[in-house]
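Engineer: Fold the following, please.
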Amino acid sequence: MGGTALLLSLLSTSTNAFTSRAAVSQMPFGLCRSTATSSINSAFSLKSATVSPETEASSKVDTSNIRNIAVIAHVDHGKTTLVDALIRQSAVFRDEQQAEEAGERVMDSEDQERERGITILAKNLAVMRNGVKINIMDTPGHADFGGEVERVLNMADGVLLVVDSVEGPKPQTRFVLDKALNKGMKALVVVNKIDRPAARPDYVVDKVFDLFVELNASDEQTDFRVVYASGLMGKAGDEPDELAEDMGPLFDAVMEAIDPPVVESTDSNGLQALVSNIDYDPFKGKMGVARITNGSIKKGQAVALAQPDKAKKTGRLGNLFTFDNLGKKEVESASAGEIIMFAGLPDVEIGDTLITNEDGGANAAVPLPPIAVEQPTVRMTLGVNKSPLAGKEGKFLTSRMIRDRLMKELDRNVALQVSETDSADRYEVSGRGQLHLTVLIETMRREGFELEVGPPSVILKENEETGAVEEPWESVEVRVPEEYVGGVVDLFNQRKGELVDMGLEEGEGLSVVKYLVPTRGMLGLRSALLTATRGSAIIDSVFDSYRPKINGEIQGRDKGSLLAFADGPSTTFGIEGAQNRGTMMIQPGDEVYKGMIVGVHQRPGDLEVNVCKTKQLTNMRAASKTISVGIQGAIDMTLDSCVEYLAADEILEVTPSLFRMAKNPDMQGKKSKK
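Structural biologist: Numbers count the residues shown, from 1 in each chain. Model prediction:
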């Protein structure tokens, strides 16, 4: 009763204090100050005990019904297959027929992703589980697409670290985990492919723990939860030999191990949403994908796109979407913790922060730091195709079209850089690696571009402290049968590599060779390794660091090229005579021109051959003379193999249907002048 009486007394005091404001204003200054101070103190002590619903909503935001997770791993450790199983067990598909129509690896929707069997672009989806919305981001596992992982981690609150049950952590596992730990994220470790006969889960978990310690993870991060799963079978469990019949244990672990978004406020003036991806819609135009860190947003709101030290770009939000299963749904508003897609701002760029522009942005929050990604290490030149056979197939041929397409690629490919060169019809494109650039070239080729591509080269930089010139080095791990180890070591030594470790892998009986190799030496090395090991080598590489440049040239390919002697269609008679000099890359009837590479010479140095030569027609010939003409099969050169083959004085002609290599006429002219 005493407490109730005290509370009523405080209420009376505070009420009297606020209702007698006019009387207080007429009091003498000293009396007014003391009386008002005591009354206001009483009022605020009461207000702190009974917070209004509006204030409570803005200070304590309940986000327990949202989880934002990124799935990260080394290439081929089963990320996309695992996500595929999560999708199929979340009632995303209407029935079995619709699931079968979607096929396997639903998230790898691009043609190149399905053909190469790798994930190239990071993608978003959302599934519902027991009333909790789980936003899942599937990321690439290849080191060349590390920029995709870096920008996607800005939208996540935790990560699913997928590790193969036989191979354990690999070079790219280390790279992506380091990025996640530096952002303070907790990881849920998923030991995938647990159904493999050679699975060794205890060894893999120990290796993952060692990796966490090496990367200086906090105690909370090191105390990670482990789930064992088989993405292919759609099963998961807390023990390797006790798997449930579905992915339920993995869903439960996500709820328990991954924290919900931490939100300071949902006040509309406090809006902060970092744009991490760009999408295109034929009707709505350029669309941004962002995660709302603080505040809330609604359709039609006046907003601005801001970056530190840059002018704001203002506009009004057109459409607002959230992710729903494999697609998106339009909503009227969204609050902190959600991942949104928005339209109506055509100048949106990756790295912009979406803030409010109500009242001219007077109460707007400060923009978030933009996305920082690793710098590129390899560059190539892309330009107008100027070969004698140019312009017969492509739809986009001019330098303006090529430039516009490259600038458009910069909108969403954060790890790519494009710069002008001395030539008006040629551009320098820099990326994370050779695969990063060849995927772009292949995409442009399928769109109808004709290009002239120069050989890849590494990007050197000067050390700011010592002034020494440095070049990029890569950490390479090769797994091969034991009988091929000698050939692998020999190739690495020729490329100035440094041996780090060598041993026998317990799981599948393969030998493991680890080297540090200059990126210069890695250019063209993959095909040589596959040839030396009869296609059995499994090669993994990731950028290691910049180190002082090695003096002198690094040995490239040891054979020259067979060059066409004249223009025209190749003939059976001409190829039959030329194939004795090496291995051919063309078939009878293919158009060639002088200086075009038509085969691989069997010795060092280039050799011109006449593959257009025709047989003289006479009647002085035996009837059985041409019954058996032995034409050997031509090498099937893909875009990747062509780029690896290129020497410093050679170029690649890319058309929608063909790849042709030739000697660079500009460099040939310089040689003749000398």
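Engineer: what's around residue 405, how many residues?
Structural biologist: Counted by other C-beta atoms under 10 Å, the residues lying close to residue 405 total 17. Glycine gets a C-beta too; all of them are placed from N, C-alpha and C.
Engineer: same thing with the one 3 residues further on?
Structural biologist: A count of neighbours around residue 408, defined by other C-beta under 10 Å, yields 13.
Engineer: what's the answer for residue 557, then?
Structural biologist: 16.
Engineer: just residue 359 next, same as before
Structural biologist: 10.
Engineer: With the one 3 residues further on instead?
Structural biologist: Summarising burial for residue 362: neighbours were counted as other C-beta under 10 Å, giving 9.
Engineer: gap between the helix or strand hosting residue 531 and the chain center?
Structural biologist: Taking DSSP states H and E as the criterion, residue 531 maps to helix 525-532. Computed by C-alpha atoms, centre = their mean, to the nearest Å, the chain-centroid distance of helix 525-532 equals 25 Å.
Engineer: Now do stretch 164-176: distance from first to last residue.
Structural biologist: Using C-alpha to C-alpha, to the nearest Å, the end-to-end distance of stretch 164-176 comes to 15 Å.
Engineer: Flag every buried residue along that stretch.
Structural biologist: 164-176 (16 or more other C-beta atoms under 10 Å).
Engineer: The closest residue to residue 66 other than its chain neighbours - how many residues pack around it?
Structural biologist: Spatial nearest neighbour of residue 66, excluding adjacent residues (C-beta to C-beta, 6 or more residues apart in numbering): residue 337 at 4.8 Å. Residues within reach of residue 337, counting by other C-beta under 10 Å, total 25.
Engineer: Can you give me the pLDDT of residue 337?
Structural biologist: Here, the pLDDT recorded for residue 337 equals 85.
Engineer: can I assume it is in contact with residue 64?
Structural biologist: No. In this structure, residue 337 is not within contact of residue 64 by C-beta atoms under 8 Å, at 9.8 Å.
Engineer: can you list residues touching both of those two?
Structural biologist: Residues touching both residue 337 and residue 64 (C-beta atoms under 8 Å, 6 or more residues apart in numbering) are residue 260.
Engineer: Averaged pLDDT, the helix holding residue 531. What do you get?
Structural biologist: 86.
Engineer: any idea how far the following helix or strand past it is from the chain center?
Structural biologist: Downstream of helix 525-532, the first helix or strand assigned by DSSP H and E is strand 538-548. Relative to the centre of its chain, strand 538-548 is centred 17 Å away, using C-alpha atoms, centre = their mean.
Engineer: Dump strand 538-548 to CSV, restricted to CA.
Structural biologist: Output of strand 538-548 as CSV, limited to C-alpha atoms (Å, rounded to 0.1, in the frame of the first residue of the first chain):
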residue,chain,number,x,y,z
ILE,A,538,42.5,-31.2,-59.0
ILE,A,539,43.8,-27.7,-58.9
ASP,A,540,42.8,-25.0,-56.3
SER,A,541,44.4,-21.6,-56.1
VAL,A,542,43.7,-18.4,-54.2
PHE,A,543,45.5,-15.0,-54.1
ASP,A,544,48.1,-15.0,-51.3
SER,A,545,50.0,-11.7,-51.3
TYR,A,546,52.1,-9.2,-53.2
ARG,A,547,55.8,-10.0,-53.0
PRO,A,548,59.0,-8.6,-54.7
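Engineer: Just give me how far whichever helix or strand comes after it sits from the chain centre.
Structural biologist: Where DSSP H and E defines the elements, the next helix or strand beyond strand 538-548 is strand 561-564. Here the centre of strand 561-564 is set off from its chain's centre by 38 Å, with C-alpha atoms, centre = their mean.
Engineer: Quick check: residue 410 vs residue 447, distance?
Structural biologist: With distances taken as C-beta to C-beta, to the nearest Å, residue 410 is found 16 Å from residue 447.
Engineer: next SSE after whichever strand or helix holds residue 472?
Structural biologist: Residue 472 is located in strand 469-480, with elements delineated by DSSP H and E. Going down the chain from strand 469-480, the next helix or strand is helix 485-494, by DSSP H and E.
Engineer: now residue 305: how far from residue 315?
Structural biologist: Distance from residue 305 to residue 315, by C-beta to C-beta: 8 Å.
Engineer: shared neighbours, those two?
Structural biologist: Joint contacts of residue 305 and residue 315 (C-beta under 8 Å, 6+ apart) are 345, 347.
Engineer: Can you tell me the closest non-neighbouring residue to the residue nearest the centre of the chain?
Structural biologist: Note on the chain: the residue nearest the mean C-alpha position is residue 148, at 2.8 Å, using C-alpha atoms, centre = their mean. Leaving out its chain neighbours, the residue that sits closest to residue 148 by C-beta to C-beta, 6+ apart is residue 122, at 4.3 Å.
Engineer: if I pick the one you found, what's in contact with it?
Structural biologist: 137, 138, 139, 140, 148, 149, 151, 152, 277.
Engineer: residue ranges with poor pLDDT in this protein?
Structural biologist: For the chain, the stretches flagged by pLDDT under 70 are 1-62, 91-110, 507-508, 618-629, 668-674.
Engineer: just the helices in the stretch 201-350 of the chain please.
Structural biologist: For the stretch 201-350 of the chain, the helices defined by DSSP state H, counting those that start in this stretch cover 201-214, 219-222, 248-257.
Engineer: by contact count, what packs against the last one?
Structural biologist: Where contact means 3 or more C-beta pairs under 8 Å, 6 or more residues apart in numbering; DSSP states H and E, helix 248-257 is packed against strand 66-73, strand 132-138, strand 186-192, strand 225-230, strand 235-237.
Engineer: Just the buried residues of it, please?
Structural biologist: Quick answer for helix 248-257 (16+ other C-beta under 10 Å): 249, 250, 251, 252, 253, 254, 257.
Engineer: Check the contact between the first one and residue 237; I expect there is one.
Structural biologist: What it means is residue 249. Yes. Between residue 249 and residue 237 a contact is recorded at 5.3 Å, counting by C-beta under 8 Å.
Engineer: which neighbours do the two share?
Structural biologist: Counting by C-beta under 8 Å, 6+ apart, the residues touching both residue 249 and residue 237 are residue 227.
Engineer: Next, count neighbours for residue 310.
Structural biologist: For residue 310, the neighbour count with other C-beta under 10 Å is 13.
Engineer: residues in contact with it?
Structural biologist: No contacts exist for residue 310 under C-beta under 8 Å, 6+ apart.
Engineer: Now do the strand or helix carrying residue 427: which elements does it pack against?
Structural biologist: Element membership of residue 427 [criterion: DSSP H and E] is strand 426-431. Using 3+ C-beta pairs under 8 Å, 6+ apart, the elements in contact with strand 426-431 are strand 378-383, helix 399-410, strand 417-420, helix 434-447.
Engineer: right, and those - which one's nearest residue 270?
Structural biologist: helix 399-410 (30.8 Å; C-beta to C-beta).
Engineer: and that closest one, how far out from the chain's middle?
Structural biologist: 20 Å.
Engineer: For that helix, buried residues please.
Structural biologist: 401, 402, 403, 405, 406.
Engineer: Look up the closest residue to the third one, ignoring the ones flanking it.
Structural biologist: Looking back up the chat, that one is residue 403. Here the residue nearest residue 403, using C-beta to C-beta, 6+ apart, is residue 427, at 6.4 Å.
Engineer: closest to residue 225 among the buried residues of helix 399-410?
Structural biologist: residue 406 (43.7 Å).
Engineer: List the contacts of that closest one.
Structural biologist: 382, 418, 427, 429 are the contacts of residue 406 under C-beta under 8 Å, 6+ apart.
Engineer: repeat for residue 452
Structural biologist: 382, 383, 384, 385, 386, 387, 426, 651, 652, 653, 654.
Engineer: Any figure for the gap between the closest residue to residue 67 other than its chain neighbours and residue 483?
Structural biologist: Excluding its sequence neighbours, the residue lying closest to residue 67 (C-beta to C-beta, 6+ apart) is residue 134, at 4.8 Å. Distance, residue 134 to residue 483, using C-beta to C-beta: 47 Å.
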